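In: Coordinates for the following, if possible.
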Amino acid sequence: MPNAAEILVDTLINWKVEVVFGLPGDGINGIMEALRTRQDRIRFVQVRHEESAAFMACAYAKWTGRLGVCLATSGPGGTHLLTGLYDAKLDQAPVLAITGMQFHDLIETFTQQDVDLTRAFNDVAIFNAQVSDAAHMENLASLACRSALARRGVAHLSIASDVQENELPEADRSKRNRPSHTPDRWFEGSRLPAADQLDQAVEILNAAKKVAILAGRGALGAREELERASDLLAAPVAKALLGKAVLPDDHPNTTGGIGILGTRASQDALSECDALLIVGSTFPYIEYYPEPGKARGVQIDRDAQRIGLRYPVEAGLVGDAADTLRLLNERLERKSDRSFLEKARQEMTRWRDAMALSEAKPDVPLKPQLVVKAFGRRMPENAILAADSGQNTEMAARHIDMKAGQAFGVSGALASMACGLPYAIAAGIAFPGRPIFTVVGDGGLAMQLGEFSTAVRHGIPLKVLVLKNGMLNQIAWEQMMFLGNPQFGCELQPIDFAMAAEAMGGIGYSVSRPEEVEGVLEAAFATQGPVIIEAVVDAYEPMMPPRMPPDYARNFRKALPDTPGHDQIEDNVGEEPLKSMMSEVSEEA
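Out: The predicted model follows:
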């Protein structure tokens, strides 16, 4: 008869789970044995740190739309999962976390690794349970999988090490717990909005003169319907970062990203529109939305809780993005006045011209924009790109144009450092053979550098571009712009990442001069297997929003004199396109 660990793993197999990310430990020995004896049906991917296991499970769920699973031992193994699990919680990714525990009759006796992980996971998990025996596992394993998928969040099962060995004949089954009364299946149905809300949305959008669309990750499966809506409404489409791949960046109707990492065209479109259609996004930076009352709002989201979360919408369409847009498009009138869209296109042309200036500068130190643009330009049409969190995110968002067929991922609402490499590895595991790319910073990569050996072990065709500026650069600019404080505590001890790649069995390249970039990238892209490309770039290249708010400009000027490297920063700010951004705001301030 099967034991609790075997019931768990068999349930995962029945739920079509193909991979479990984790790190072995004595608190999960029973589960590891169940995985070993079933390795022909389910794959265990060993990581170097449990945080990476959770990031990978979250990313796997995002890349595939299926359940991501991570596994960790008791005590610190389980607590290490939390950062990656919060990433899943905030970005609504279905993830099952499985953790071990000490012996069931030693809980709360101050024994080794005596951490109550169910209590620790209370905030992060939408389903959180401690398994009591094998009969209990029959019910909980399926319910945990179903809960994560149904509520798009984290489910957690905590299992004492001796309970993992508990067999069904030994379980204390109650008379109501009949064997096999829980099906190992996922049931999904269509989600359509209420008719009165659809009527209201049609009235708002048809009456508006200047409609803007904000699209997020929830619109990823609705490209055709989104394009149709944009055409009918003559509406520019601004993209939240998680929705970067919703439309190709060269699509004539998109104005690219929104927010501090976005474009001026997107910012202007949202500030000037008289109606806003939000599709699958709860982009968190409220200051980039229209002023409340200035534009009428319509929002499409499959989660009713998120309707009206950022903007006071009048029509809330609770439903699947593609199905709802299809219903909406049938009743939208094609606008004859295309002037608002045309203005956005012209502004986007000016923005691209401005970005091209920074992408072509032959300066030393090497400009990060130049190497990131060259890196992205070489990505093939089926590429998968992951970004980390920091100034590197701005570089990827603004200077890599996503093409049709490419995919993009990042830690969205959590915006955690050290996510880029695990996200990329998860993509390689999910889609064997597809070329994988990631843009990271030296701060974030150092935090999970050991996972590069995981990519080597699995032969993932991964190209890692690390922007090495010896700084936690986004944090430095935030210190200056948000509060007017001089940069402090952001300098990093340098690491030779190219050498580290070689030490872990991969290939490493380094580039520090603009004339070397194309040759190094050509060699790196021709290399099989995992590669790190270390780009030594200008530490004093500012990170700025598309239109500098007056208070940011004042704070920046206040902090600059006492900030290390202020002369170099002044030189950079004195060149285009940064000069125009600063001078325009300085007059307003």
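
In: who's in contact with the helix ranked longest in the chain?
Out: With secondary structure taken from DSSP state H, the chain has its longest helix at helix 339-359. Helix 339-359 is contacted from outside by 209-211, 234-236, 252-256, 263-265, 268-269, 272-273, 367, 369-370, 373, 398-399, 546, 576-577, 580, using CB atoms under 8 Å, 6 or more residues apart in numbering. For the C-beta atoms, the positions are set from N, CA and C on the backbone; glycine is no exception.

In: same question for it, mean pLDDT?
Out: Confidence over helix 339-359 (mean pLDDT, whole number) is 96.

In: Next SSE downstream of it?
Out: The helix or strand immediately downstream of helix 339-359 is helix 368-377, counting by DSSP states H and E.

In: List buried residues within the contacts of helix 339-359.
Out: Among the contacts of helix 339-359, those classed as buried by 16 or more other CB atoms under 10 Å are 210-211, 234-236, 253-256, 263-265, 268-269, 273, 367, 369-370, 373, 398-399, 546, 577.

In: In helices, which of those fall?
Out: Filtering those for helices - DSSP H - leaves 264, 265, 268, 269, 369, 370, 373, 398, 399.

In: you'd agree the fifth one is up against residue 395?
Out: Yes. Contact between residue 369 and residue 395 holds when scored by CB atoms under 8 Å: they sit 6.6 Å apart.

In: Which residues are in contact with each of those two?
Out: By CB under 8 Å, 6+ apart, no residue touches both residue 369 and residue 395.

In: What's the mean pLDDT across stretch 373-393?
Out: Mean pLDDT, computed over stretch 373-393, is 97.

In: Stretch 110-127 too?
Out: Stretch 110-127 shows a mean pLDDT of 90 in the predicted model.

In: Can I get that stretch as PDB, trimmed to CA atoms?
Out: C-alpha atoms of stretch 110-127 as PDB (Å, rounded to 0.1, in the frame of the first residue of the first chain):
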ATOM      1  CA  PHE A 110      12.200  23.200  20.600                       C
ATOM      2  CA  THR A 111      13.700  20.300  18.600                       C
ATOM      3  CA  GLN A 112      16.100  21.000  15.700                       C
ATOM      4  CA  GLN A 113      14.500  23.000  12.900                       C
ATOM      5  CA  ASP A 114      11.300  23.400  14.900                       C
ATOM      6  CA  VAL A 115       9.700  26.000  12.700                       C
ATOM      7  CA  ASP A 116       5.900  26.000  12.200                       C
ATOM      8  CA  LEU A 117       5.900  26.500   8.500                       C
ATOM      9  CA  THR A 118       2.100  26.500   8.200                       C
ATOM     10  CA  ARG A 119       2.100  29.500  10.500                       C
ATOM     11  CA  ALA A 120       5.000  31.100   8.700                       C
ATOM     12  CA  PHE A 121       3.200  30.600   5.300                       C
ATOM     13  CA  ASN A 122      -0.100  32.000   6.500                       C
ATOM     14  CA  ASP A 123       0.200  35.300   4.700                       C
ATOM     15  CA  VAL A 124       1.700  34.000   1.400                       C
ATOM     16  CA  ALA A 125      -0.600  31.100   0.800                       C
ATOM     17  CA  ILE A 126      -4.300  30.900  -0.200                       C
ATOM     18  CA  PHE A 127      -4.300  27.200   0.900                       C
END
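
In: Show me how far that stretch is from its chain's centre.
Out: Its chain's average C-alpha position is 25 Å from that of stretch 110-127, according to CA atoms, centre = their mean, to the nearest Å.

In: Pull out the buried residues from that stretch.
Out: Counting neighbours by 16+ other CB under 10 Å, one finds that the buried residues in stretch 110-127 are 113, 115, 117, 118, 120, 121, 124, 125, 127.

In: does the last one belong to a helix or a strand, and which?
Out: What that stands for is residue 127. Taking DSSP H and E as the criterion, residue 127 maps to strand 125-131.

In: Return the distance of residue 382 relative to residue 439.
Out: Distance of residue 382 to residue 439, computed by CB to CB, to the nearest Å: 18 Å.

In: typo on my end, it should be residue 493
Out: 22 Å.

In: More neighbours: those two, which one.
Out: residue 439 (31 against 7; other CB atoms under 10 Å).

In: and the helix or strand hosting that one, what other elements does it pack with?
Out: In this assignment (DSSP H and E), residue 439 forms part of strand 436-441. If you count contacts as 3 or more CB pairs under 8 Å, 6 or more residues apart in numbering; DSSP states H and E, strand 436-441 packs onto helix 368-377, strand 384-387, helix 391-399, helix 420-430, strand 462-468.

In: Of all those, which one comes closest to residue 76?
Out: helix 420-430 (18.3 Å; CB to CB).

In: Direction-wise, compare the closest one with strand 436-441 and give the angle.
Out: 170 degrees (axes from the mean of the first three to the mean of the last three CA atoms, to 10 degrees).

In: In contact with residue 63, which residues?
Out: 384, 407, 409, 426, 427, 430, 431.

In: With adjacent residues omitted, what lies nearest to the fifth one?
Out: What it means is residue 427. Among residues not flanking residue 427 along the chain, residue 384 sits closest, at 4.4 Å (CB to CB, 6 or more residues apart in numbering).

In: can you check the last one too?
Out: Take residue 431 and drop its neighbours on the chain: the residue closest to it by CB to CB, 6+ apart is residue 384, 6.7 Å away.

In: Quick check: that neighbour vs residue 284, distance?
Out: Taking CB to CB, one finds residue 384 at 25 Å from residue 284.

In: which one of those two has more residues nearby?
Out: Set side by side, residue 384 and residue 284 show more neighbours around residue 384, with 24 against 14, by other CB under 10 Å.

In: Run through the bridge partners of that one.
Out: residue 407, residue 436 (DSSP bridges).

In: my guess is it meets residue 433, correct?
Out: No. Using CB under 8 Å, residue 384 makes no contact with residue 433, being 11.1 Å away.

In: Do you have the strands of the stretch 101-250 of the chain handy? List them.
Out: Along the stretch 101-250 of the chain, counting by DSSP state E, counting those that start in this stretch, strands occupy 125-131, 154-160, 211-215, 237-239.

In: Disregarding flanking residues, what is the spatial nearest neighbour of the spatially most central residue of the chain?
Out: With distances taken as CA atoms, centre = their mean, residue 410 lies nearest the centre of the chain, 2.5 Å away. Distance criterion CB to CB, 6+ apart; nearest residue to residue 410, sequence neighbours excluded, is residue 387 at 4.5 Å.

In: I'd guess residue 277 is in a helix, am I close?
Out: No. Counting by DSSP: H, G, I helix; E, B strand; the rest coil, residue 277 falls outside a helix, being strand.

In: who touches it in this structure?
Out: Residue 277 neighbours (CB under 8 Å, 6+ apart): 205, 211, 212, 213, 214, 229, 233, 235, 298, 299, 300.

In: Surely the last one forms part of a strand?
Out: Meaning residue 300. Yes. Judged by three-state DSSP, residue 300 forms part of a strand.

In: separation between the closest residue to residue 580 other than its chain neighbours and residue 393?
Out: Once flanking residues are discounted, residue 580 sits nearest to residue 354: 7.5 Å by CB to CB, 6+ apart. From residue 354 across to residue 393, the span is 19 Å (CB to CB).

In: same deal with residue 440?
Out: Distance from residue 440 to residue 393, by CB to CB: 9 Å.

In: any residues in contact with both of the two?
Out: In contact with both residue 440 and residue 393: residue 387, using CB under 8 Å, 6+ apart.

In: out of these two, which sits in the busier spot?
Out: Using other CB under 10 Å, the more surrounded residue of residue 440 and residue 393 is residue 440, with 33 against 26.

In: hang on, the earlier thing: adding distance to residue 504 as columns, could you present the helices and strands packed on strand 436-441 in JSON lines?
Out: Shown next, in JSON lines, are those (distance: least, CB to CB, whole Å):
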{"stretch": "helix 368-377", "distance to residue 504": "21"}
{"stretch": "strand 384-387", "distance to residue 504": "19"}
{"stretch": "helix 391-399", "distance to residue 504": "21"}
{"stretch": "helix 420-430", "distance to residue 504": "12"}
{"stretch": "strand 462-468", "distance to residue 504": "11"}
